[in-house]
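> let's see this in three dimensions:
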Amino acid sequence: MSAPVWQDLDQSALDRAYDQTQWAPNWAQVLQRYAQRSEQLRERLGPPVRLAYGSGANEALDLHGAGDGLAPVLVYVHGGAWRSGRAEDYAFLAEPFVRAGARVILPDFDAVQDCGGDLGVLADQVQRALAAVVTQAQAWGIDLTRIHLAGHSSGAHLAAVCATAGQGLPLASLLCCSGMYELEPVRRSARSRYVHLDDAAVQMLSPARHASALTAPVLVAVGSCESPQFIWQSQMWTQTLVASGLSTSALWAEGLNHFEILETLVEPGSALARLQLRRMGLDA
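Below you'll find the model as predicted:
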């Protein structure tokens, strides 16, 4: 084994630890299910309303569940290693929340490789999408006191960055599923080939270093079959939140990998679905 570059991991092991496809042999099939289930959702509930939050080509969001009156909203930030994924492929996540009377918003944003590797661009886009939710709440039928933010994988990272940015976002809750919250090991991994992380970026964009800025309760979820580093990230983030005095819950999803855990958010009776619906006041 070569010399460790992070904790007890050498370069090869660290690179593998931040490549979730190495730990989920069915990853391609699960991503295909996401897209197929999203198309089926649109057939059942109709297409979302497409709304711009900026002038960029990717600066728009999908609003599912538009209707009369004010309702809670779940803003979901998709994953994809910061370099892939579209809101339309995650529409399936909207169904249980829309059927329970909520709105669901899925923002699109740029791929990091198209931004010179600058994750700050993506974080700014998600922050502006959230700002649009606040400023357009009345027009979009959203209850300002019931804005719930969620993200998975790199989307959980971006959601946590925005939640800890200290910009007064009125969050009712934050769900972080299988994300990364300390970027130093990411910086040392093969992801540095397409993400530029200098000292300033690691400091600014590591949510674990800014946990004290959070006020909303946080749910941290991770699957038992994810890479050991992603499990460490979730455990470290949970411990950091608790040490900061925040209301924090942790969910350990036994037998699920990085991609499978997200599907349980829409499975009736699953722990993740029950917890999130309850947090939004929709469990009845």
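
> only C-alpha atoms from now on, for both contacts and neighbour counts.
Will do.

> may I have the host helix or strand of Tyr34 as PDB, with CA atoms only?
For Tyr34, the host element (DSSP states H and E) is helix 27-45. Only the C-alpha atoms of helix 27-45 are listed here, as PDB (Å, rounded to 0.1, in the frame of the first residue of the first chain):
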ATOM      1  CA  TRP A  27     -26.000   2.200 -10.600                       C
ATOM      2  CA  ALA A  28     -26.900   2.400 -14.300                       C
ATOM      3  CA  GLN A  29     -30.100   0.500 -13.800                       C
ATOM      4  CA  VAL A  30     -31.200   2.600 -10.900                       C
ATOM      5  CA  LEU A  31     -30.600   5.800 -12.800                       C
ATOM      6  CA  GLN A  32     -32.600   4.400 -15.700                       C
ATOM      7  CA  ARG A  33     -35.400   3.700 -13.200                       C
ATOM      8  CA  TYR A  34     -35.300   7.300 -12.000                       C
ATOM      9  CA  ALA A  35     -35.900   8.600 -15.600                       C
ATOM     10  CA  GLN A  36     -38.600   6.000 -16.300                       C
ATOM     11  CA  ARG A  37     -40.400   6.600 -13.100                       C
ATOM     12  CA  SER A  38     -40.200  10.400 -13.800                       C
ATOM     13  CA  GLU A  39     -41.800  10.000 -17.200                       C
ATOM     14  CA  GLN A  40     -44.500   7.900 -15.700                       C
ATOM     15  CA  LEU A  41     -45.100  10.600 -13.000                       C
ATOM     16  CA  ARG A  42     -45.600  13.200 -15.700                       C
ATOM     17  CA  GLU A  43     -48.100  10.900 -17.500                       C
ATOM     18  CA  ARG A  44     -50.100  10.500 -14.200                       C
ATOM     19  CA  LEU A  45     -49.900  14.100 -12.800                       C
END
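
> pLDDT at Gln167, what is it?
Model confidence at Gln167, given as pLDDT, is 72.

> for it, phi and psi?
Phi and psi for Gln167, reported as degrees, to the nearest 10, are phi -100, psi 20.

> just to revisit the earlier point, flag every buried residue along whichever helix or strand comes after the helix holding Tyr34.
Scanning forward in sequence from helix 27-45 by DSSP H and E, the next helix or strand is strand 49-52. Within strand 49-52, the residues scored as buried using 16 or more other Cα atoms under 10 Å are 51-52.

> mind listing what strand 49-52 pairs with, with the direction of each?
When pairing is defined by DSSP bridges, strand 49-52 lines up against strand 60-64 (antiparallel).

> packing partners for the very next helix or strand once past the partner strand?
With elements assigned by DSSP H and E, the helix or strand that comes after strand 60-64 is strand 71-77. Applying 3 or more Cα pairs under 8 Å, 6 or more residues apart in numbering; DSSP states H and E, one finds that strand 71-77 contacts strand 103-107, strand 142-152, helix 154-163.

> so what's the gap between strand 71-77 and the chain middle?
12 Å (Cα atoms, centre = their mean, to the nearest Å).

> which other helices and strands contact the following helix or strand past it?
Using DSSP H and E, the helix or strand that directly follows strand 71-77 along the chain is helix 95-99. In terms of contacts (3+ Cα pairs under 8 Å, 6+ apart), helix 95-99 is packed against strand 103-107.

> may I have the strand it packs on exported as CSV, CA atoms only?
Taking C-alpha atoms only, strand 103-107 is exported to CSV below (Å, rounded to 0.1, in the frame of the first residue of the first chain):
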residue,chain,number,x,y,z
ARG,A,103,-45.5,21.7,-3.9
VAL,A,104,-42.2,20.3,-5.1
ILE,A,105,-39.5,22.3,-6.9
LEU,A,106,-36.6,20.9,-8.7
PRO,A,107,-34.0,23.4,-9.9
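
> and it with strand 60-64, angle?
160 degrees (axes from the mean of the first three to the mean of the last three Cα atoms, to 10 degrees).

> quick one: mean pLDDT over the helix holding Tyr34.
pLDDT averaged over helix 27-45 gives 97.

> cool, and stretch 84-99?
On average, stretch 84-99 scores 97.

> next, the buried residues of that stretch.
Going by 16+ other Cα under 10 Å, stretch 84-99 has these buried residues: 85-98.

> who touches it?
Residues outside stretch 84-99 that contact it (Cα atoms under 8 Å, 6 or more residues apart in numbering): 34-42, 61-62, 64-65, 74, 78-79, 103-104, 106-108, 111, 263, 265-266, 277, 282.

> in PyMOL, select just the buried ones from those residues.
A single PyMOL command suffices to select whichever of the contacts of stretch 84-99 are buried according to 16+ other Cα under 10 Å:
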select buried, resi 34+35+37+38+39+41+42+61+62+64+65+74+78+79+103+104+106+107+108+111+263+265+266+277+282
